[in-house]
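Student: Structure of the sequence below:
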Amino acid sequence: MIALGADHGGYHLKEVIKKYLDIKRIEYKDFGTDSEESVDYPLFAAKVAHFVAEGNAEKGILCCGTGIGMSIAANKVKGIRAAVCDNAYCAEITRRHNNANIMCLGGRVISDEQAVEFTRLFLNTPFDGGRHQRRIDEISAIERVEL
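Tutor: Just a heads-up that it's a prediction; the model follows:
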């Protein structure tokens, strides 16, 4: 299961990604938005991030104008590693090295074709583990620190 969310700036990309997932018969849950009418992105980022963090979806994809706002909001949820991807290399490496569980894309930054390619890479690239697991553990430790 893949969790999807977008604001008005990412709505079109989310719809493109849904078509790809339908073709590939990959199950998803769409948390909205449902149009290009202006909305606030943190609401959608929170819904997707909590759904992923609670184990209800293996991964999530969030779309806004740049992907940046969504990633900032999603990363506030414990257990989320959300990464903005604006090229294929980052879409692959964020899985291999960072074990990212949410990919954030920018509807005003990338093309429909790139969104599909990045989605394919993000969903199909495994985490390499090894030395990268130690770094993921260090990131998780930051979430437990109280100042």
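Student: Pull up the gap between the closest residue to Ile139 other than its chain neighbours and Arg95, please.
Tutor: In this structure, Ile139 finds its nearest non-sequential neighbour in Arg81, 6.9 Å apart by C-beta to C-beta, 6 or more residues apart in numbering. The C-beta positions use only the backbone N, C-alpha and C, and glycine is treated the same way. Distance of Arg81 to Arg95, computed by C-beta to C-beta, to the nearest Å: 10 Å.
Student: higher neighbour count, those two?
Tutor: Arg95 (23 against 17; other C-beta atoms under 10 Å).
Student: Correct me if wrong: the more buried one contacts Pro126.
Tutor: Yes. Taking contacts as C-beta atoms under 8 Å, Arg95 lies within contact range of Pro126: 6.9 Å.
Student: For Glu37, give me its contacts.
Tutor: His8 (C-beta atoms under 8 Å, 6 or more residues apart in numbering).
Student: Can you give me the pLDDT of it?
Tutor: Glu37 carries a pLDDT value of 97.
Student: Likewise for Leu147?
Tutor: At Leu147, pLDDT is 55.
Student: from here on, count from 6
Tutor: Sure, I'll start numbering at 6, so the last one becomes Leu152.
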